[in-house]
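# Structure of the sequence below:
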Amino acid sequence: MIDFVGDRFVGVKQLFRFPNPVNETAARVVATGVTVTGLAFLVTGWGWLLAVLVYGFAARVLTGPTLSPLGQIATRVITPRLTVADRFVPGPPKRFAQAIGLGFSAAAGLAWLGGAPIVAYVLIAGLVVAATLESVLALCLGCIIFNRIWGCADCVDIRDRVGISAQPRTVPAAVEH
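Numbering: from 1, shown residues only. Now for the predicted structure:
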């Protein structure tokens, strides 16, 4: 068991739990932080910022905002102070999106360490584009990919935003058992 200081006691299982649903406003604040960090790397070339991105994504994939400094700032400091209505979206697609971000940032870090800075810049530029779409337009590319691969009964809003049919996916008659 893990005992956090404060008014709650959290076990190991609880620590590695991703929230479901997710407050979309907090997710957009996190995406803004990723955009700013990614742009800072692209402008300055400071390789240590890649470690910040990798850690943040890994922490969010494993524990949601719990072990992510950016996630904590977004959920505990910034989002509660915003005067917007909370909107909740499904957690699994958001976790998948964080995993994609982890893949991009980790690959960029490995490219950077391996002496291929152009590859790192391209990967982080792609990450910045995706994070900007999330932060500005609430358009989560990872969520769209998740929905296209596995479907998501709770993702009708995603399908509506990108013009995908809201009808549930069906198995073609030829493969039904």
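# how about residue 97, what does it touch?
134, 140, 141, 142, 143, 146 (Cβ atoms under 8 Å, 6 or more residues apart in numbering). C-beta: built from backbone N, CA, C; applies to glycine.
# Am I right that it is in a helix?
Yes: per DSSP: H, G, I helix; E, B strand; the rest coil, residue 97 lies within a helix segment.
# mind checking how far it is from residue 80?
23 Å (Cβ to Cβ, to the nearest Å).
# just residue 108 next, same as before
For residue 108, the distance to residue 80 - Cβ to Cβ - is 32 Å.
# what's the answer for residue 48, then?
30 Å.
# picking that back up, looking at residue 108 and residue 80, which is more packed in?
residue 108 (28 against 12; other Cβ atoms under 10 Å).
# list the contacts for the residue nearest the centre of the chain?
Closest residue to the average C-alpha location of the chain: residue 98 at 3.2 Å, with Cα atoms, centre = their mean. Residues in contact with residue 98 (Cβ under 8 Å, 6+ apart) are 57, 60, 61, 142.
# and the first one, that one's in a strand?
The reference is to residue 57. No: per three-state DSSP, residue 57 lies outside any strand segment and is helix.
# What strand or helix carries the residue lying closest to it once chain neighbours are set aside?
Ranked by Cβ to Cβ, 6 or more residues apart in numbering and with sequence neighbours excluded, the top spatial neighbour of residue 57 is residue 102, at 3.7 Å. Per DSSP states H and E: residue 102 is located in helix 91-113.
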